[in-house]
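> Test case, fold it:
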Amino acid sequence: MTKVPAAELKLRMSNFTARMDSLCPDWETVMIVNKVNIYYFTGTQQNGVLLVRRGRDAVFYVRRSFERGQVESEFSSLVKINSFKDIAAAAGDCGSRVHIEKEFVPLAYFERLNKYFNFKEILSCDFVLSVVRSVKTSYELDIMRRAGELHAKTLNDFVPSVAKKGMSEVELGSEVLRFMLNNGHQGVARLSMFNTEMFMGQVCFGDNSMYHNTFDGPGGILGFGPAAPFFGNADRRLADNELIFIDIGCMVDGYYTDKTQVYSLGTLPDEAYEYHERCVRILEDTVSRLRAGAVPSKIYEEVMTPLDESFLEYFMGVREERVKFLGHGIGLTIDEYPVIAKGFDAPIEENTVFAVEPKRGIPGVGLVGLENTYVVKNSGAECITGFNPSIIRI
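Sure thing, here's the model as predicted:
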């Protein structure tokens, strides 16, 4: 069992309260219930409420399982409860103003909680949590580098050794998942985006990689079907001279890297290689601008402005379904703050981690391009997922 050290948890909480002081100077109380945020601060994912109050030590009130929480967590204060009522009795007066995870907490859940506190002013702590989690500690970066090493080994080395003519998308995806699980991947694909699901990622052949998709990303997927448009399709089989598109996350000790690699069984049309090379240049242009102090919205504008309309028609999606970003933050979920896109005007801080993913579709062929994960430093960006700029031939 890997435990998050007590000193690491203390550092994270200190960073959070300092950001609250800076960005929400009138804050009184924060209540955190999202299991990812609870894990970030306590090192365990038990069902309960993490109560953070100005000038006091944070307390994690645990409903279930308190016993498991005690085993897993080095957090300083865990208290067993049976209901929300127990929190109010133990905590006493928490003021009239509370910050909650408005992007996550259902209204009915909060109403059940608030009947014991009667908060009058309900504010959001989502942005502060996103900012704090975006800047990784050395502990977090060490884990993400391990995830990146497994990612590179999987997509650069393993996939070419098992992909073969006649296998289905599900069969190839299953081989990839089995290999990753046997080498440290923890299986879950966590997303912070509301009402969004994913199973490992996208394993697609040919123009299945451009199929209409509700997920807010550049890639498409047919998946299992309407009830589960994930992973891959069991009926789609790999043919000669066809493209393979794999975009998957890799999770080690709770942290993700994100990587996309494109392959060919045989030879693809010339335009596939031409557009792929152009995506490589866009990635290199974007990454060259990533350094502490750079502004994501400015990077997006500078990279996107020179691109011609004919190229943009299928860049980062299909026509009106194109997404308007070049990369996204990543950590305990695959999609994190900040995003390389318009509107993200705060300067990047050192040790922010981005997945950069320029991709371009070709009707009848599929999606080309690539994605890798980068740690931003003062002097530039470090790739931690292994960099192979080519379409790998099987």
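> Next SSE downstream of the host helix or strand of Ile87?
For Ile87, the host element (DSSP states H and E) is helix 84-91. Beyond helix 84-91 on the C-terminal side, the first helix or strand identified by DSSP H and E is strand 97-100.
> Report all helices and strands that the very next helix or strand once past that next one contacts.
Counting by DSSP H and E, the element after strand 97-100 in chain order, helix or strand, is helix 107-114. Counting contacts by 3 or more CB pairs under 8 Å, 6 or more residues apart in numbering; DSSP states H and E, helix 107-114 packs against no other helix or strand. C-beta here means a position set from N, CA and C on the backbone, and glycine is covered the same way.
> ok, residues contacting helix 107-114?
Met31, Val33, Val49, Phe84, Val98, Ile100, Ile122 (CB atoms under 8 Å, 6 or more residues apart in numbering).
> Neighbour count, pLDDT and distance to Gly361 added to the residues you listed, as TSV?
Formatted as TSV, the entries for the contacts of helix 107-114 read as follows, by neighbours: other CB atoms under 10 Å; pLDDT from 0 to 100; distance: CB to CB, whole Å:
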residue	neighbour count	pLDDT	distance to Gly361
Met31	23	98	43
Val33	18	97	39
Val49	20	98	45
Phe84	19	94	49
Val98	23	98	45
Ile100	24	98	40
Ile122	13	98	43
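> which one of these is nearest Lys259?
Ranked by distance to Lys259 (CB to CB), the contacts of helix 107-114 are led by Val33 at 31.3 Å.
> Val262 pairs with what?
Phe245 (DSSP bridges).
> so it touches Leu367, yeah?
Yes - at 7.5 Å, Val262 counts as touching Leu367 under the criterion of CB atoms under 8 Å.
> Those two: who's more crowded?
Between Val262 and Leu367, Leu367 has the larger neighbour count (other CB atoms under 10 Å), namely 32 against 26.
> Packing partners of the host helix or strand of that one?
With elements taken from DSSP H and E, the one containing Leu367 is strand 366-369. With contacts taken as 3+ CB pairs under 8 Å, 6+ apart, strand 366-369 sits against strand 201-205, strand 242-252, strand 255-265, helix 270-288, strand 359-362.
> And for the nearest residue to Phe231 once chain neighbours are set aside, the neighbour number?
With sequence-adjacent residues excluded and distances taken as CB to CB, 6 or more residues apart in numbering, Phe231 is closest to Phe199, at 4.5 Å. Using other CB under 10 Å, Phe199 has 18 other residues around it.
> Run through the residues that contact Phe199.
Contacts of Phe199 (CB under 8 Å, 6+ apart): Ala189, Ala228, Phe230, Phe231.
> State the pLDDT value of the nearest residue to the third one once chain neighbours are set aside.
Setting aside the residues directly before and after it, Phe230 is nearest to Phe199 in space (CB to CB, 6+ apart), at 4.0 Å. Among the per-residue scores, Phe199 shows a pLDDT of 88.
> So Phe199 belongs to a helix, correct?
No - using DSSP: H, G, I helix; E, B strand; the rest coil, the secondary structure at Phe199 is coil, not a helix.
> Got phi/psi on it?
The phi and psi values for Phe199, taken as degrees, to the nearest 10, are phi -120, psi 100.
> Please report how far it lies from Ile248.
10 Å (CB to CB, to the nearest Å).
> which residues sit against stretch 385-394?
With contact meaning CB under 8 Å, 6+ apart, stretch 385-394 is reached by 148-149, 151-153, 155-156, 159-160, 163-164, 243-244, 257-259, 261-268, 272-273, 276, 280, 368, 370, 372-373.
> quick one: what helix or strand has the most centrally placed residue in the chain in it?
By CA atoms, centre = their mean, the chain has its centre lying nearest to Ile334, at 1.1 Å. Remark: Ile334 resides in no helix or strand, with elements defined by DSSP H and E.
> ok so, going back, so which of the helices and strands packed on strand 366-369 has the densest surroundings on average?
Mean neighbour counts were compared across these using mean count of other CB atoms under 10 Å; the top stretch is strand 201-205, at a mean of 28.
> on that earlier part again, test my guess that the residue nearest to the centre of the chain contacts Thr196.
No - assessed by CB under 8 Å, Ile334 is found out of contact with Thr196, at 9.8 Å.
> and the protein, what are its domains?
6-133, 135-393 (automatic domain parsing).
> Could you say which of these is packed most deeply?
By mean count of other CB under 10 Å, the domains of the chain have domain 135-393 as the most buried, with a mean of 19.
> Distance across it, terminal residue to terminal residue?
Start to finish, the residues bounding domain 135-393 are 37 Å apart (CA to CA, to the nearest Å).
> Could you double-check that Cys250 lies in contact with Lys259?
Yes - counting by CB under 8 Å, Lys259 is a contact partner of Cys250 at 7.1 Å.
> Spell out which residues are contacts of both of those two.
Joint contacts of Cys250 and Lys259 (CB under 8 Å, 6+ apart) are Gly148, His151.
> returning to that earlier point: in a markdown table: the helices and strands packed on strand 366-369, plus distance to Ala381.
Shown next, in a markdown table, are the helices and strands packed on strand 366-369 (distance: least, CB to CB, whole Å):
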| stretch | distance to Ala381 |
| --- | --- |
| strand 201-205 | 22 |
| strand 242-252 | 19 |
| strand 255-265 | 14 |
| helix 270-288 | 5 |
| strand 359-362 | 19 |
